[in-house]
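A.B. asks: my questions are about this predicted structure, shown below with the sequence.
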Amino acid sequence: MQKLDFRVERKDLYSPGRDFALVDVPEFDFLMVDGTGDPNTGEDYARAVEALYSLSFAVKFASKAQLGRDYFVAPLEGLWPDTAASTPKAEWSWTMLIRQPDWLAQEQWDAARAKAATKGLPALDAVRLEPFAEGAAVQVMHVGSYDDEAPTIARMHAWIAEQGMALGGRHHEIYLGDPRRAAPDKLRTVLRQPVVGVGRQG
């Protein structure tokens, strides 16, 4: 059975270089959950991520068992407030999300949610399935601690302005590393910023 890897299928979206690049992000299906609080210490954040992963793996197993289609669970992603740098983390409003395949029917979703519900996940009812399309965006690979992203984000914003574009949506991060296993300076994170005004360059 061939096992789909979203990151291999769309390397342009999941494996950017260290230079800023403009990409066009199409619509994908995501499991999403909204919340507020410090992602480092907040209980709501931990519960949200737990529910996302549990349901995502349950969906994967349902797809493999019922449809014979297997894939790697996609990496965790986050949408963050534009004012994150100047706002205490305890006041951050965020959306955490994990991409899903587009071939699943309601039968598989019902089976997956029923299986995840047996685990007593407090945030499960807050998880929703929703399409999400960013369109034009600028992205770059950040290697290092999450707390060291600010200078790279500032340079990204400056580069966007230099190209005649403007910020067009919430700051987006895709977490390719596992902070439980990798040293902070080895973590790999896609930093993405939706933009408007593409084509005004020059």
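C.D. replies: Cool, the structure landed.
A.B. asks: show me how far the longest helix along the chain is from its chain's centre.
C.D. replies: As assigned by DSSP state H, the longest helix anywhere in the chain is helix 43-67. Distance of helix 43-67 from the chain centroid (Cα atoms, centre = their mean, to the nearest Å) equals 14 Å.
A.B. asks: distance of the spatially most central residue of the chain relative to residue 106?
C.D. replies: Centroid check for the chain by Cα atoms, centre = their mean gives residue 77 as the closest residue, at 1.7 Å. As judged by Cβ to Cβ, to the nearest Å, residue 77 and residue 106 stand 24 Å apart. (Each C-beta comes from the backbone N, C-alpha and C, glycine too.)
A.B. asks: same question, residue 134
C.D. replies: 26 Å.
A.B. asks: check which residues of stretch 13-30 are buried.
C.D. replies: 13, 14, 16, 20, 25, 28, 29, 30 (16 or more other Cβ atoms under 10 Å).
A.B. asks: any idea which element the last one lies in?
C.D. replies: Put plainly, it is residue 30. strand 28-36 (DSSP states H and E).
A.B. asks: show me where the chain has its strands.
C.D. replies: 3-4, 21-25, 28-36, 70-71, 76-80, 93-100, 128-132, 135-143, 166-167, 171-175, 188-196 (DSSP state E).
A.B. asks: buried stuff in the helix or strand bottoming out on mean pLDDT in the chain?
C.D. replies: Least confident helix or strand, the chain: helix 106-117 with a mean of 89, by mean pLDDT, DSSP states H and E. Within helix 106-117, the residues scored as buried using 16+ other Cβ under 10 Å are 108, 109, 111, 112, 113, 115, 116.
A.B. asks: what is it packed up against?
C.D. replies: If contacts are counted by 3 or more Cβ pairs under 8 Å, 6 or more residues apart in numbering; DSSP states H and E, helix 106-117 sits against helix 43-67.
A.B. asks: so what's the residue count around the nearest residue to residue 38 once chain neighbours are set aside?
C.D. replies: Distances taken as Cβ to Cβ, 6 or more residues apart in numbering place residue 89 nearest to residue 38, at 4.0 Å, with adjacent residues excluded. Using other Cβ atoms under 10 Å, residue 89 has 14 neighbouring residues.
A.B. asks: all numbers from here: first residue = 20
C.D. replies: Sure, I'll start numbering at 20, so the last one becomes residue 108.
A.B. asks: I'd guessed residue 108 sits against residue 55; true?
C.D. replies: No - if you go by Cβ atoms under 8 Å, residue 108 and residue 55 don't touch, sitting 10.3 Å apart.
A.B. asks: ok, and what's touching stretch 159-172?
C.D. replies: Identification of contacts with stretch 159-172 by Cβ atoms under 8 Å, 6 or more residues apart in numbering yields 34-40, 104, 175, 190, 192, 198, 203-210, 212.
A.B. asks: so how far is residue 59 from the residue nearest to residue 57?
C.D. replies: Taking Cβ to Cβ, one finds residue 108 at 7 Å from residue 59.
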